[in-house]
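Participant: Attaching a predicted model along with its sequence, questions to come.
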Amino acid sequence: MTDPKVYLLDGGTLVIDESDVHWHINAGNPVRFPVYSVLIEHSDALILYDTGFDLDHVNRVLPFELPEQTAEQTIPAQLAKIGYAPEDVDIVVNSHFHFDHVGGNRFLTEATTLVHKEELRHAKVPEPFERLGYSDLSFDHETVTYKPISGDYEVVPGVWLFETPGHTIGHYSLLVELQNEKSMLFCGDAAYTRTTLEKEWIAGFHLDPTKSVEAIRRLNYLARTKNADVYPSHELEPFSTWKLAPEYYGGN
């Protein structure tokens, strides 16, 4: 099997309070954080994990998050940097359906969307405190093709989804196995930051705090047993050190 190539796509930044990054910690301290997507060029499929936010939607519905996104940070432009068009993507996986992880789905008209069946239900009929998180339903466009899944799931050989609920009911983290490098474990919003993993500090946005802690512990276990480097979802410092598209990991 050819080693997959893993590209990190820069989707811009947003701002939230630190008490939302780490629940009940340092309220009144705004934090700007990155939003990114993961493109996996595999011999069996071209896979996109998360699709960032839609600038117009955030400006209209959540302007207090102070979005910054250039034309080059949209999904079509990021794919073009690698030589792909949106219609080339075969499979879309959203860690969950919050607005900052689904904003580019509408461009991916030829892709099959793998979706945890409980996540789709909550996105369409959210609890009152989830409504802003699930405010962008553009992922549910008229040409979308869903493949409902549950449990841990191997998308293609060496590309795994692991259930990590708590932030949302159907949250998935992503593991990509590489032949000559350490595996890559993408936490999604099960772990916003490295501190999340080290101190088990969950995010302020969550459905179930107990499940959130269990998800953090599972990520730490997977990192250890799968020999994986861990990639939190929303922390600027490590993000600034990662290789971004058109550079890539793997492919050896």
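Facilitator: In hand now; what should we look at?
Participant: Output stretch 146-153 as CSV, restricted to C-alpha atoms.
Facilitator: Coordinates of each C-alpha in stretch 146-153 appear next as CSV, following Å, rounded to 0.1, in the frame of the first residue of the first chain:
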residue,chain,number,x,y,z
TYR,A,146,-24.8,10.4,3.6
LYS,A,147,-23.4,7.2,4.9
PRO,A,148,-24.5,6.7,8.5
ILE,A,149,-21.9,5.0,10.8
SER,A,150,-21.4,4.4,14.5
GLY,A,151,-18.7,2.9,16.6
ASP,A,152,-15.0,3.0,15.6
TYR,A,153,-14.7,2.8,11.8
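Participant: contacts for that stretch?
Facilitator: 112-118, 120, 160-163, 170, 172 (CB atoms under 8 Å, 6 or more residues apart in numbering). Where you see a C-beta, it was placed from the backbone N, CA and C, and this is true even at glycine.
Participant: and Asn29, what does it touch?
Facilitator: Asn29 is in contact with 17-19, counting by CB under 8 Å, 6+ apart.
Participant: could you flag which of those are buried?
Facilitator: 17, 19 (16 or more other CB atoms under 10 Å).
Participant: Quick check: of the contacts of Asn29, which lies closest to Val176?
Facilitator: Among the contacts of Asn29, Glu18 lies closest to Val176 (CB to CB), at 29.9 Å.
Participant: among the contacts of Asn29, which are in strands?
Facilitator: Secondary structure assignment (DSSP state E) places Asp17 from the contacts of Asn29 within strands.
Participant: Can you lay out the contacts of Asn29 as a markdown table showing pLDDT and distance to Gly83?
Facilitator: Putting the contacts of Asn29 into a markdown table (pLDDT from 0 to 100; distance: CB to CB, whole Å) gives the following:
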| residue | pLDDT | distance to Gly83 |
| --- | --- | --- |
| Asp17 | 95 | 39 |
| Glu18 | 94 | 39 |
| Ser19 | 93 | 42 |
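Participant: which one of the contacts of Asn29 sits closest to Cys187?
Facilitator: Distances from Cys187 to these, taken by CB to CB, are shortest for Glu18, at 18.2 Å.
Participant: Regarding Val35, what is its secondary structure?
Facilitator: Assigned with DSSP: H, G, I helix; E, B strand; the rest coil, Val35 falls in the strand class.
Participant: and it, how many neighbours does it have?
Facilitator: Counted with other CB atoms under 10 Å, the neighbours of Val35 add up to 25.
Participant: Which residues are in contact with it?
Facilitator: With the criterion set at CB under 8 Å, 6+ apart, Val35 makes contact with 11-14, 52-53, 100, 234.
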